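Colleague: Here is the input, now give the coordinates:
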Amino acid sequence: MTADGTPVPVLRVPNTGGEPLELTLEPYGSDHWLRPGETFVIWTLGRADETFQVDHGPGTITVHAESLPAYVGDAEGNEIDCGHRRPAPPGPFRLELP
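Modeller: Presented below is the predicted three-dimensional model:
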């Protein structure tokens with residue numbers, strides 16, 4: 001990925017497991033769901049030497065972008081929107097009222 005020919009920070013995130021993987025991009029809190037075998041690419045328009053912080057847990061990975069704006073895309077470089085392949089909540093959606 002480049003911005004006007006200038007290298008930008010890039011992080012590739014593959015899902016090597018057998019289940020969907022939730023990727024959350026911070027500080028936006030946007031969620032993007034990877035299928036098994038799929039790879040997403042995160043990039044920013046910051047300096048080439050800037051880094052990402054990565055936290056992970058069962059079924060989830062969170063990437064903290066040091067510089068903004070930051071984007072999530074597929075392996076071909078197409079930007080992916082928040083909620084990409086988000087699973088539907090189980091059962092009927094209901095709000096619990098006090």
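Colleague: Leaving out sequence neighbours, find the closest residue to Arg85.
Modeller: Trp33 (3.9 Å; Cβ to Cβ, 6 or more residues apart in numbering). For every residue, glycine as well, the C-beta is placed using N, CA and C.
Colleague: burial of the one you found, as a residue count?
Modeller: By other Cβ atoms under 10 Å, the residues close to Trp33 number 18.
Colleague: So it: helix, strand or coil?
Modeller: Secondary structure for Trp33, judged by DSSP: H, G, I helix; E, B strand; the rest coil, is strand.
Colleague: just checking, it touches Leu23?
Modeller: Yes. Using Cβ atoms under 8 Å, Trp33 is in contact with Leu23, at 7.3 Å.
Colleague: partner residues bridging the residue nearest the centre of the chain?
Modeller: By Cα atoms, centre = their mean, the chain has its centre lying nearest to Leu23, at 4.3 Å. Here Leu23 sits in beta bridges with His32, Ile61, going by DSSP bridges.
Colleague: Likewise for Gly57?
Modeller: The partner list for Gly57 in beta bridges (DSSP bridges) reads Thr60.
Colleague: Check what pLDDT it gets.
Modeller: For Gly57, the pLDDT comes out at 94.
Colleague: Count the neighbours of it for me.
Modeller: Gly57: 8 surrounding residues under other Cβ under 10 Å.
Colleague: Return the distance of it relative to Leu21.
Modeller: Distance of Gly57 to Leu21, given as Cβ to Cβ, to the nearest Å: 11 Å.
Colleague: got it, and Ile61?
Modeller: Distance check for Ile61 against Leu21: by Cβ to Cβ, it reads 6 Å.
Colleague: who has more neighbours, these two?
Modeller: The neighbour count for Ile61 versus Leu21, taken as other Cβ under 10 Å, is higher for Leu21 (21 against 17).
Colleague: Okay then, goodbye and thanks.
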